[in-house]
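Here is the input, now give the coordinates:
(one chain, ligands or ions: 1)
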Amino acid sequence: MQSNHQDAGIRALFVADCHFHVRRHPDEARRWERFIAWLDEAAGVEQLVLLGDIFDFWFDYPHFRMKGYEPLLRALDRVRAAGTRLHFVGGNHDIWAARYLHQRHGTEPAAGPLTLTLDGRRVHCLHGDGLFGRDLLYQAFRGIVRHPAGVWCAKALHPEVLFTLSTWLSGTSRHCTRDEVVEIERKAARWLARQQQATWDHLIIGHVHHPHTAVHDDRRLSSLGGWLDDLNYGCWRDGRFEHRRFPAA
Ligand SMILES: [Mn+2]
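Residues are numbered from 1 along each chain as shown. The predicted structure is shown next:
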């Protein structure tokens, strides 16, 4: 698989589910380093879509910023400075980064679902939590992060208490088991077959941590694989979406 984003024909890059911790775990160092290398290669590509859960936890305080993410944010500064349009679609772990990334990197203020038109295809980007119905592993966290009452309660907590709570709720970020892969592909195919009225041609999601594309008639659903054990990303090249993997070294 290629890793050079500067090859002709690449119009957009998509990445999700790095689940980087603000207090970096020792076993994350390599993934951080490779992500920054990937971003530096992305600089100058027309569009870069951060499709959620890049950050394992982000809470937006009016006067304070969580320490620890600065090396990633500086890499995003370089991507933007090279002329790349940055998009951020918030995930269930990092939707609260919307305002900060909007101000610093010019991403959409609400960080909601996004539709791009690429080579005449309507490409809809959505993090994907809750898409395939009940998803018990993520329900508790999603309730706090996405629900206004949850956000209100979270704001009432001391930042360190909230940080501890979020660490406890976020669980482990991991790749899928073989059984989960079968289940995700089955759900994706079934879900896609029901989208006859959809206004998009291609839906790109993260969240499920499994790289896969389902096809139904002329409509496609692609899930990015996450930046975990394998460093997965997606690219739009020569009029179509491709799954790619960044070299680990
Ligand atoms: Mn997620």
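
Give me the neighbour count for R30.
R30 has 12 neighbours, counted by other Cβ atoms under 10 Å. Backbone N, C-alpha and C define where each C-beta goes, glycine included.

ditto for C235
Residues lying near C235 (other Cβ under 10 Å) number 22.

could you check the distance from the nearest residue to H207 once chain neighbours are set aside over to P113?
Ranked by Cβ to Cβ, 6 or more residues apart in numbering and with sequence neighbours excluded, the top spatial neighbour of H207 is G128, at 3.9 Å. Distance of G128 to P113, computed by Cβ to Cβ, to the nearest Å: 10 Å.

now do I204
From I204 to P113 the distance is 10 Å (Cβ to Cβ).

re the thing from before, the more surrounded of G128 and P113?
Set G128 next to P113 and count neighbours by other Cβ under 10 Å: G128 wins out with 27 against 16.

Contact residues of the chain facing the ion?
Counting by Cβ under 5 Å from the ion, the chain comes close to the ion at D53, G91, N92, D129, H207.

Now the two most distant members of the residues you listed.
D53 and D129 (8.5 Å; Cβ to Cβ).

okay, and the common contacts of the two?
Common contact partners of D53 and D129 (Cβ atoms under 8 Å, 6 or more residues apart in numbering): G91, N92, H207.

still on that earlier bit, the residue nearest to H207 in helix, strand or coil?
Secondary structure for G128, judged by DSSP: H, G, I helix; E, B strand; the rest coil, is coil.

Same check on H210?
Per three-state DSSP, H210 ends up coil.
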